[in-house]
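Asks: the sequence isn't on hand, but the structure is:
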């Protein structure tokens with residue numbers, strides 16, 4: 001809206017473009033400032049449209065203040081986004097030109113960007129007091145010069161980063177045997193590997209290959225206490241930090257494989273593999289195997305697995321079924337102290 005012989009006009013602006021922002025300083029001159037007084041709070045003049053960052057904008061000038069009651073006694077200015085169906089992040093700094101000093105005085109400088117939409121504008125409700133003392137410093141020939149620096153934040157391109165394929169590459173290295181410098185003979189089967197990688201993953205291999213008592217020149221090593229399938233899975237974990245798929249095994253064979261891998265993890269100080277195996281065995285407990293797994297957990301210092309086995313025995317009145325199993329008979333012969341521990345916990349649980 002406008003009063004007679006009053007206007008709002010654009011002044012030549014400064015524009016810059018950077019990688020992630022489009023910046024421009026827009027200046028508008030309010031002519032006939034005094035004649036606009038009394039227009040009414042909430043009523044405004046609109047500047048001509050201008051473009052920044054690929055979007056259309058304008059400035060709303062409220063000579064008697066914006067609809068906000070706090071703006072009473074002040075001139076208000078707001079930056080308005082005109083582009084339809086757009087949501088734009090922008091920083092905005094508002095200034096007014098002091099006609100006496102010739103300097104631009106900052107009225108508002110936002111530290112962070114605001115989000116502009118067609119129905120949501122941002123600005124300064126108290127841009128300038130409408131008192132004679134203040135007005136005298138900023139008016140010349142009844143004209144007020146307003147500057148607004150706008151920095152449109154461009155949306156950063158979201159580049160899809162594929163998941164890491166390091167484990168796949170290391171599995172290829174293991175299977176391809178390129179650069180292998182040590183072989184393992186396991187019950188007639190031969191496996192090639194890389195000393196430095198084995199040493200990096202296992203303190204035992206590190207001592208064996210590079211320790212003061214080790215044999216750095218060793219190229220052929222015989223493994224007598226592991227089956228070929230178990231050793232193959234063991235190497236797979238060393239290279240990829242994960243166990244190979246066991247979907248081709250039934251539940252019993254899978255459980256046996258995991259038990260052997262737990263033993264290997266303990267022997268070669270592969271703590272993470274040992275914990276992975278513990279977790280898998282905890283989920284596969286049954287009355288026939290829990291006693292055997294308990295003995296295994298005790299022998300290899302797997303306290304979490306040990307507690308899970310005892311808890312399984314004590315829960316749901318399964319103890320009688322466990323005692324009747326072959327695994328329990330073996331446990332009784334080989335680990336009598338462990339049997340005492342189980343029964344002590346049984347007594348305590350029944351008292352509770």
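Replies: Alright, I've got the coordinates. Worth saying up front: this structure is predicted, and the values here are computed from it rather than measured. Residues are numbered from 1 along each chain as shown.

Asks: how about the helices of this protein, start to end?
Replies: Taking DSSP state H as the test, the helices found in the chain are 33-36, 132-138, 166-176, 195-201, 203-210, 228-240, 251-267, 271-282, 290-299, 303-314, 319-323, 326-334, 336-351.

Asks: can you check what angle separates the third one from helix 228-240?
Replies: Read it as helix 166-176. 140 degrees (axes from the mean of the first three to the mean of the last three Cα atoms, to 10 degrees).

Asks: pLDDT weak spots in the stretch 201-350 of the chain?
Replies: For the stretch 201-350 of the chain, the stretches with pLDDT under 70 are 316-320, 324, 326-350.

Asks: on that earlier part again, could you dump the helices of the chain into a markdown table with mean neighbour count and distance to residue 97 added?
Replies: C-beta: built from backbone N, CA, C; applies to glycine. Listed next are these as a markdown table, based on neighbours: other Cβ atoms under 10 Å; distance: least, Cβ to Cβ, whole Å:
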| stretch | mean neighbour count | distance to residue 97 |
| --- | --- | --- |
| helix 33-36 | 19 | 13 |
| helix 132-138 | 13 | 7 |
| helix 166-176 | 14 | 60 |
| helix 195-201 | 17 | 67 |
| helix 203-210 | 17 | 73 |
| helix 228-240 | 20 | 67 |
| helix 251-267 | 18 | 75 |
| helix 271-282 | 19 | 67 |
| helix 290-299 | 23 | 81 |
| helix 303-314 | 18 | 73 |
| helix 319-323 | 16 | 90 |
| helix 326-334 | 15 | 91 |
| helix 336-351 | 12 | 84 |
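
Asks: and residue 182, which of those is closest to it?
Replies: Residue 182 lies closest to helix 195-201 among those, at 5.1 Å (Cβ to Cβ).

Asks: got a list of contacts for that closest one?
Replies: 170, 181, 182, 205, 206, 209, 210, 238, 239, 270 (Cβ atoms under 8 Å, 6 or more residues apart in numbering).

Asks: so who does the third one touch?
Replies: The one in question is residue 182. By Cβ under 8 Å, 6+ apart, the residues touching residue 182 are 192, 193, 194, 195, 198, 209, 218, 219, 220, 221.

Asks: residue 105: which of those is nearest?
Replies: Nearest to residue 105, judged by Cβ to Cβ, of the contacts of residue 182 is residue 194 at 69.5 Å.

Asks: what separation is there between the residue nearest to the closest one when sequence neighbours are not counted and residue 220?
Replies: Spatial nearest neighbour of residue 194, chain neighbours left out: residue 180 (5.7 Å); criterion: Cβ to Cβ, 6 or more residues apart in numbering. The gap separating residue 180 from residue 220 is 12 Å, by Cβ to Cβ, to the nearest Å.

Asks: between those two, which is the more surrounded one?
Replies: A count of neighbours by other Cβ atoms under 10 Å puts residue 180 above the other of residue 180 and residue 220, at 16 against 9.

Asks: report the contact partners of that one.
Replies: By Cβ under 8 Å, 6+ apart, the contact set of residue 180 is 192, 193, 194.

Asks: mind checking which of the contacts of residue 182 are in strands?
Replies: The strands, defined by DSSP state E, take in 192, 193, 220, 221 from the contacts of residue 182.

Asks: list the contacts for the last one?
Replies: With contacts defined as Cβ under 8 Å, 6+ apart, the neighbours of residue 221 are 182, 183, 184, 185.

Asks: mind checking how far the residue lying closest to residue 207 once chain neighbours are set aside is from residue 105?
Replies: Sequence neighbours aside, residue 214 is the residue nearest to residue 207 in space, at 5.7 Å (criterion: Cβ to Cβ, 6+ apart). Look at residue 214 and residue 105: by Cβ to Cβ, they are 76 Å apart.

Asks: quick revisit: now, which of the ones in strands among the contacts of residue 182 sits nearest residue 71?
Replies: Of all these, the one with the least separation from residue 71 (Cβ to Cβ) is residue 193, at 76.2 Å.

Asks: pLDDT wise, what is the closest one at?
Replies: Listed pLDDT for residue 193 reads 97.

Asks: ok, the one 4 residues further on next?
Replies: What the model reports for residue 197 is a pLDDT of 97.

Asks: same thing with residue 103?
Replies: Reading off the confidence values, residue 103 has pLDDT 88.

Asks: contacting residues for the residue lying closest to it once chain neighbours are set aside?
Replies: Setting aside the residues directly before and after it, residue 103 is nearest to residue 97 in space (Cβ to Cβ, 6+ apart), at 7.7 Å. Contact analysis of residue 97 by Cβ under 8 Å, 6+ apart lists 103, 104, 105, 138, 145, 146, 147.

Asks: a markdown table for the contacts of helix 195-201, including distance to residue 308?
Replies: Formatted as a markdown table, those follow (distance: Cβ to Cβ, whole Å):
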| residue | distance to residue 308 |
| --- | --- |
| 170 | 32 |
| 181 | 40 |
| 182 | 37 |
| 205 | 30 |
| 206 | 31 |
| 209 | 35 |
| 210 | 37 |
| 238 | 26 |
| 239 | 29 |
| 270 | 20 |
